[in-house]
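S.K.: pasting the sequence and the predicted coordinates here, then a few questions.
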2 protein chains.
Amino acid sequence: MRKKLSINDIANELHVAKSTVSFILNGKAKEKRISDELTEKVLKFVEEKGYKPSHLAKSLSTGKTKMICLMVEKISDYFFSHVAFHLEALAYKNGYKIIYCSTENDPEKTRQLIALLRARHVDGYIITPPAGVESEIRALINDNLPVVLFDRYLPDVATDYVGLDNFKGTFDAVELLEKTAAKKIALITLASDQTQMIERQTGYLAAIKKHHLKPLIFKVPFENDTETTIKQSMQFISDHPGLDAIIFATNYLALSGIKAINELGLAIPADIAIVAFDDHDVFNIYNPSISAISQPLDEMAKQLFKTLLDKLENRVSFAELSKVIIPPELIERGSTNSAGQIL
Amino acid sequence: MRKKLSINDIANELHVAKSTVSFILNGKAKEKRISDELTEKVLKFVEEKGYKPSHLAKSLSTGKTKMICLMVEKISDYFFSHVAFHLEALAYKNGYKIIYCSTENDPEKTRQLIALLRARHVDGYIITPPAGVESEIRALINDNLPVVLFDRYLPDVATDYVGLDNFKGTFDAVELLEKTAAKKIALITLASDQTQMIERQTGYLAAIKKHHLKPLIFKVPFENDTETTIKQSMQFISDHPGLDAIIFATNYLALSGIKAINELGLAIPADIAIVAFDDHDVFNIYNPSISAISQPLDEMAKQLFKTLLDKLENRVSFAELSKVIIPPELIERGSTNSAGQIL
DNA sequence: CTGAAAGCGCTTACAG
DNA sequence: CTGAAAGCGCTTACAG
């Protein structure tokens, strides 16, 4: 293993000051009025030797690591892993690397993660925050570390935010179902006071009210396993005969709900029409295919990264907060194809 | 924003040498025979001030970043994002952070990623390699950087490896289907020469041969989109009337295949029984539920991290390579529930 | 037990 | 245009 080249070695071999080499490497040759000739010579040498500057040393002197932290509820969730994929492309194109971690919606774990990442001096944070980490988020911002919250926010903390128009998502879903003659439309959601869940519920209630229907909400405990959710969904459906349609507030609730409907021997959409919040690969493949309120994943990643980068590169002042609300896309598929309609 | 404390500040305030502080902070107080009294005093002070040492500076002097790179085909894939989740827990528990990236199976992109991560001095690599990056992997190893390949390997490069017993997976699947009286069992796989795909095919062929059946393999082009795969699967199934059963070599092929079977108006498992390689949340929920050859995700992550850590911490010499082959679990569900059997 | 000093590999005023 | 020097915040022989 040959010794790694340092900027010192280059300066020595070429009989130049290392500051000169540093300037050239950082594209400041013109600015520092270094001769084209010398610039070329250094660049050529560097190219030949395959010299790669140590990011570590650079970070230590500049104070920038060019790393960002992606802290989501759970990296293996369909939504988060897809956002991660799109973010990756944007980050790498701009010279940033991403460290991911999962909060599992546990405030204590989240606090520890933030402390760990702070010790690593990441330049910025993209976070889906659980309730209870308000002061840690504030501390980040106080220390001039850019933070963009997404998917949900903390009502008491002023931050940059990128999220879906959740209200519109469920509102539109109700209207779609109502149009196909469904009158008894339920919402199955999580017992959670996360903002995105509240917005989804509010949108549902608003549309229900507008059409003079009766609201019917079932809240699944957050800590349920899949089995329990299926059982409880079955119970809920049995308890409410005449149910026309169900809107599920997350894609995993929908998956459990579909199972429940199947177990009860009911047909989708003939007996019960359904719409899921958050699209999923399998919804398109399922039989019948499942209508969904889709979050534009790439657009969301784009807005997230842009918001963060604006702060990281000081294109936008720290005090100037941005809220990006992305409209959902309602994708009609077989599960809302009412008996009386041809799609 | 108050100035961050450094080890220097602590040494000054406490009138101690900073080396002493450093030793205490690194748990070498005993070893260096520093008085308990002083040790306590420093620790208390550090605690009070909330001092966190800069990992950056530490990395620069030790040469270790305590970061590892997780380079997978695509971070948003079900299998990879789940492995990522399990790896995260292990890494954090051991003081490591993970930078992820996606090769998208493109050797050129992979080469660039490796170069970028090398410049970041990550301590070790977990990689699902595309063919064509043999020399870059060798270079990593030559430079004493631990590399563990997983899911697939490069036949020409000797490395640590963690993977599934793919052969056993398809072999067992064929035997299961054969037992339920299926005689015309096809394999739908990817046109790929990745090792895991070849092993799956080999396992299939071996079991087919053992039972004196006729092999029937359809290879889906790697670059297909979902629509095309569905169309081609339909074509394949139509072209082979009397098909009893299909084994899909990946879960996404299975999802497309299920769609194809539905479109053709065939029933699972009455007309065609199916088994998918790689489990998926939705297989349990689908109607009928889908039998799968499951990769134990947490076990795989555990073995991956252990193998890497052994090298990182020099518990195992560099020359000593480890191959961990994990047995798959065949999960029987409704899609292989043959008409003549009660499950 | 403790302190002074060199070193990790960069950047960036400052002086010429 | 270029060079000498300090600094980023740690670790770790080395000497006492």
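M.R.: That came in fine, so what should we check first?
S.K.: run through who's touching the strand or helix carrying A:Phe305.
M.R.: For A:Phe305, the host element (DSSP states H and E) is helix A:297-312. With contact meaning Cβ atoms under 8 Å, 6 or more residues apart in numbering or on different chains, helix A:297-312 is reached by A:68, A:79, A:82-83, A:86-87, A:90-91, A:94, A:123-124, A:126, A:146, A:148, A:150, A:160, A:162, A:164, A:315-316, A:318, A:322, A:324, A:326. Where you see a C-beta, it was placed from the backbone N, CA and C, and this is true even at glycine.
S.K.: export the helix or strand following that helix to PDB, keeping only CA atoms.
M.R.: Following helix A:297-312 in sequence order, the next helix or strand is strand A:323-326 (DSSP H and E). Provided in PDB are the C-alpha atoms of strand A:323-326 (Å, rounded to 0.1, in the frame of the first residue of the first chain):
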ATOM      1  CA  LYS A 323     -42.900  26.100   3.500                       C
ATOM      2  CA  VAL A 324     -43.400  24.000   0.400                       C
ATOM      3  CA  ILE A 325     -46.800  22.300   0.200                       C
ATOM      4  CA  ILE A 326     -47.000  19.800  -2.600                       C
END
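S.K.: ok, which stretches of the stretch 101-250 of chain A are helices?
M.R.: Secondary structure of the stretch 101-250 of chain A (DSSP state H, counting those that start in this stretch): helices at A:107-119, A:134-142, A:166-179, A:195-210, A:226-239.
S.K.: let's have those helices in CSV, adding mean neighbour count and distance to A:His280.
M.R.: Listed next are these as CSV, based on neighbours: other Cβ atoms under 10 Å in any protein chain shown; distance: least, Cβ to Cβ, whole Å:
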stretch, mean neighbour count, distance to A:His280
helix A:107-119, 18, 26
helix A:134-142, 16, 30
helix A:166-179, 22, 15
helix A:195-210, 20, 16
helix A:226-239, 17, 15
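S.K.: among these, which is nearest B:Pro288?
M.R.: Nearest to B:Pro288 among those is helix A:226-239 (15.3 Å), distances taken as Cβ to Cβ.
S.K.: who are the packing partners of that closest one?
M.R.: Judged by 3 or more Cβ pairs under 8 Å, 6 or more residues apart in numbering or on different chains; DSSP states H and E, helix A:226-239 is in contact with strand A:185-190, strand A:217-220, helix A:251-263.
S.K.: try 10 Å this time
M.R.: Applying 3 or more Cβ pairs under 10 Å, 6 or more residues apart in numbering or on different chains; DSSP states H and E, we find helix A:226-239 packed against strand A:185-190, strand A:217-220, strand A:245-248, helix A:251-263.
S.K.: rank the ones you listed by pLDDT, which is bottom?
M.R.: Mean pLDDT is lowest for helix A:251-263 among those, at a mean of 94.
S.K.: hang on, the earlier thing: can you tell me which of the helices of the stretch 101-250 of chain A is nearest to B:His240?
M.R.: helix A:226-239 (35.6 Å).
S.K.: now that closest one: how far from the chain's centre is it?
M.R.: Remark: helix A:226-239 is offset 29 Å from the chain centroid, using Cα atoms, centre = their mean, to the nearest Å.
S.K.: got a list of contacts for that helix?
M.R.: Identification of contacts with helix A:226-239 by Cβ atoms under 10 Å, 6 or more residues apart in numbering or on different chains yields A:186, A:188, A:190, A:216-221, A:224, A:243, A:246, A:248, A:252-264, A:266, A:271-272, B:281, B:284-285.
S.K.: next, the angle from it to strand A:185-190.
M.R.: Counting by axes from the mean of the first three to the mean of the last three Cα atoms, to 10 degrees, helix A:226-239 lies at 160 degrees to strand A:185-190.
S.K.: send me helix A:226-239 as CSV with only the CA atoms.
M.R.: Provided in CSV are the C-alpha atoms of helix A:226-239 (Å, rounded to 0.1, in the frame of the first residue of the first chain):
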residue,chain,number,x,y,z
THR,A,226,-50.1,-6.1,11.4
GLU,A,227,-52.1,-9.0,12.7
THR,A,228,-53.8,-6.8,15.3
THR,A,229,-54.5,-4.1,12.8
ILE,A,230,-56.2,-6.7,10.5
LYS,A,231,-58.3,-8.1,13.4
GLN,A,232,-59.4,-4.6,14.5
SER,A,233,-60.2,-3.5,10.9
MET,A,234,-62.4,-6.6,10.5
GLN,A,235,-64.2,-5.8,13.7
PHE,A,236,-64.7,-2.2,12.6
ILE,A,237,-66.1,-3.2,9.3
SER,A,238,-68.4,-5.8,10.8
ASP,A,239,-69.6,-3.3,13.3
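S.K.: related to what we said a few turns ago, now a PyMOL select for only the buried ones of the contacts of helix A:226-239.
M.R.: Selecting only the buried entries of those in PyMOL, with 16 or more other Cβ atoms under 10 Å in any protein chain shown as the criterion:
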select buried, (chain A and resi 186+188+190+216+218+219+220+224+243+246+248+252+253+254+255+256+257+258+259+260+261+262+272) or (chain B and resi 281+284+285)
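S.K.: got any ranges where chain A has weak pLDDT?
M.R.: For chain A, the stretches flagged by pLDDT under 70 are A:1-3, A:338-343.
S.K.: residue numbers of it in contact with DNA strand D?
M.R.: A:15-20, A:23, A:32-35, A:38, A:57, A:60-61 (Cβ under 7 Å from any atom of the strand).
S.K.: mind checking the end-to-end distance for stretch A:177-196?
M.R.: 21 Å (Cα to Cα, to the nearest Å).
S.K.: near chain B at all, it?
M.R.: No. Stretch A:177-196 stays out of contact with chain B when judged by Cβ under 10 Å from any Cβ of the partner chain, the minimum separation being 14.6 Å.
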